[in-house]
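> For reference, the sequence and a predicted model appear below.
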Amino acid sequence: MSSSIIFSIIAIIFILNLIAAIITVFDEKRDIASIWAWLLVLLLFPVVGFFIYAFLGRKISHSKIFDLRTQEDLGIDQIAENQRDLLAKNAEEDREKYSEQEPFFNLFLNSDEAVLTQKNEVRLFNNGPEKFKALFEDIRNAKNHINVEYFSIFDDELGNQLVDLLTEKAHEGVKVRVLFDQFGSHGRNKKLYERLRAAGGQDMAFLESPWPITFRANFRLHRKLVVIDGKIGYIGGLNVGDEYVGKSKKFGNWRDTHTRIVGDAVLALQGRFFMDWNATAKKENKLQFSKDYFPNDTEGNGNTAVQIVTSGPDQDTQQIKQGYMRQIASARESITIQTPYFIPDQGMMDLLTVAAMSGVKVRLMIPCMPDHPFVYRATEYYAKELLDAGGEVYTYDNGFIHAKVVTIDGKVSSVGSANMDMRSFGLNFEGNAFMYDEDIAKQLEDFFEQDIKASTHLNEQYFENQSKWLKFKQKFSRLLSPIL
């Protein structure tokens, strides 16, 4: 075969690949950064790039988005109305106490209908064993229902402990429902739930689809929450699996943050579970509003004001990202961030840079090891940018840090499932508790101080000493950050 023919074949393949890349990328509405990132991948890796796109780039179907957005006919609209009725009596109470935080209240109420709930009791956990000990005890004491929603529930020792306990409660007549992400749980795991179903419980994979469609990294149910009897709720960063209680050979100790809430904020968690469940369930299994699930008395007697804020590709506004940005913009003294993945978009990065250069003490803690290579290299790139702006950067060395925590000026804090990255901002379904309580913020900052003792404080020399190849990987990964 002559060289001219080979050249012509290559040229034809290139042109066809270019046309296919343009059609693929522009087929769905995307931001400019994502468009260029996907064009880079599809053009640099002909043919293979389309397999990468199938895994990382495909969007959720419009019909599924419609199901997630429109739940009024199932009584979901009554949830917000019921919450407002319950909270109306406290609308003016302690208003002066929260005057500084009022812009936060309005932001989330207007963008996500996130009602401000007061008098919540919040308990913080900074490790898996304590969290699951408390959760399992609450499940044992359940009387009416248990609603469980996690990104990952693995078929291992801890996962089976949870399912065994839920099966016991189902045998007692407690209504048990489990919603999980099929991709995050490494499959449907039908055998894991056989005993639960036999006892009358229910399990579902969120927006379950056949394998070729499920094989997709985007638009995953990344939330981690539990609601028990409409009165006790859990939300945070911990999934269900042995690695989350420190039994992973690869990661060792697993450092995470989770919350247990008693109070009206649990009603918001319940509402979120209802919508996620009903977006997946068949008509006969869809949930309806009732006082059993949304009791008038949630028995909260604490002092913490909480807004449960959720975001996902079913919504036009990136509520949690906006919350993070509003927090950072309001900071006058300090910003502390713990996240396994630090890949902010330019707007977020600009806010953090301005804060650091303005004298605000900005501290970031990330893992000392990667669990996703490209993601970690991009995280390193942005961490160095923050360091150059005057921020402090730490790598947690005692295992793997998976906490998703932000605290501002020792007054406002956020704990949940959303990382400080573009995937959490717009590609996955996330849930965070934004809390307005100095005691809670102080506890979270104390966790940070404890973690510093097991961390390395990075400096400019640390990055300068890295190899040219590592620096190249960081810069290249940064180009892919909109799709990581």
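Yep, it's here.
> Contacts only, for the closest residue to residue 154 other than its chain neighbours.
Closest residue in space to residue 154, ignoring its immediate chain neighbours: residue 241 at 3.7 Å, by Cβ to Cβ, 6 or more residues apart in numbering. C-beta here means a position set from N, CA and C on the backbone, and glycine is covered the same way. The contact partners of residue 241, taken as Cβ atoms under 8 Å, 6 or more residues apart in numbering, are 152, 153, 154, 156, 158, 159.
> Any of those residues buried? List them.
With neighbours counted by 16 or more other Cβ atoms under 10 Å, the contacts of residue 241 contain buried members at 152, 153, 154, 158, 159.
> Closest one of those residues to residue 296?
residue 153 (31.8 Å; Cβ to Cβ).
> who touches the closest one in this structure?
Residues in contact with residue 153, defined by Cβ under 8 Å, 6+ apart, are 159, 162, 178, 180, 185, 189, 192, 239, 240, 241.
> Can you check the distance spanned by stretch 385-402, start to finish?
Across its full length, stretch 385-402 reaches 21 Å end to end, with Cα to Cα, to the nearest Å as the criterion.
> pLDDT on it, on average?
The predicted model assigns stretch 385-402 a mean pLDDT of 96.
> ok, the buried ones among the contacts of residue 241 vs residue 377, which is closest?
Within the set of the buried ones among the contacts of residue 241, residue 152 lies nearest residue 377; the separation is 23.6 Å, counting by Cβ to Cβ.
> My understanding was that the closest one contacts residue 181; is that so?
Yes: in this structure, residue 152 sits in contact with residue 181. The criterion is Cβ atoms under 8 Å, and the distance is 7.0 Å.
> Need the overlap of contacts for those two.
Residues within reach of residue 152 and of residue 181 at once, by Cβ under 8 Å, 6+ apart: there are none.
> distance between the host helix or strand of residue 379 and the chain's centre?
Secondary structure assigned from DSSP states H and E places residue 379 in helix 373-388. Relative to the chain's own centre, helix 373-388 is displaced by 20 Å; criterion: Cα atoms, centre = their mean, to the nearest Å.
> what does that helix rub up against?
Applying Cβ under 8 Å, 6+ apart, the set of residues contacting helix 373-388 from outside is 341-344, 349, 352-353, 356, 362, 364, 366-367, 369-370, 393, 421, 458-460, 463, 470, 473-478, 480-481, 484.
> Please repeat the previous calculation with a cut-off of 6 Å.
If you take Cβ atoms under 6 Å, 6 or more residues apart in numbering as the criterion, helix 373-388 is touched by 341-343, 352, 364, 366, 370, 393, 463, 473-474, 477-478, 481, 484.
> before we move on, the earlier item: which ones among the buried ones among the contacts of residue 241 map onto helices?
When the buried ones among the contacts of residue 241 are checked against helices (DSSP state H), the matches are 158, 159.
> Just the closest of the buried ones among the contacts of residue 241 to residue 287, please.
Taking the buried ones among the contacts of residue 241 together and measuring to residue 287 by Cβ to Cβ, the closest member is residue 153, at 19.8 Å.
> Let me see the contact set for residue 318.
By Cβ under 6 Å, 6+ apart, residue 318 lies in contact with 311, 425, 426.
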